[in-house]
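# got a structure for you, letters missing:
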């Protein structure tokens, strides 16, 4: 009986020490790495835009879970920054003829107000009416704008790649 109590006591002490070590370590999760891996592995299909959205949603959630839901704004800012960088990179790789007349990656508002009709495809939400607990309105608005730009760059890039692949195919 003493051996069992002693083993249990050692296990509890060991667990307590391990918990203390884990709690002392800073949680590090790269939402950008998750997004890069996920988005790089999306096939060019009819549901690609939906899968893109899932990548963003899951990376944000994984970030929040890593921080015990205590850093919602931090995670949203991280995901927003990654989408902006990725969209800019994708936009720069596109040929001028594919950029829909925009010199630089358009904002969500520019897309919505443009004559090319993306306002119907990519409706612009009123970010001031979106309430996310623990997240400022500015961060939410920045996120919605980055999401619209990122999705646009992905849609245009896929369309261009599809056209390019069709030109290369040999009958």
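Cool, got the structure. All values reported here derive from a predicted model rather than from experimental measurement.

# and the spatially most central residue of the chain, helix, strand or coil?
When C-alpha atoms, centre = their mean is applied to the chain, the residue found nearest the centroid is residue 56 (3.0 Å). Of the three states, residue 56 takes helix under DSSP: H, G, I helix; E, B strand; the rest coil.

# these two touch, right, it and residue 83?
Yes - the criterion here is C-beta atoms under 8 Å, and residue 56 meets it with residue 83 at 7.0 Å. For every residue, glycine as well, the C-beta is placed using N, CA and C.

# Give me the common contacts of the two.
Common neighbours of residue 56 and residue 83, counting by C-beta atoms under 8 Å, 6 or more residues apart in numbering, are 35, 147, 150.

# Turn those residues into TSV, including secondary structure.
Formatted as TSV, the shared contacts of residue 56 and residue 83 follow (three-state DSSP):
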residue	secondary structure
35	helix
147	helix
150	helix
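
# Okay, now the unreliable bits of the protein?
Scanning the chain for pLDDT under 70 picks out 1-27, 115-124, 165-171.

# how about 90 then?
Low-confidence regions of the chain, defined by pLDDT under 90, span residues 1-30, 44-46, 49, 64, 67-72, 93-134, 144-145, 147-149, 151-153, 155-171.
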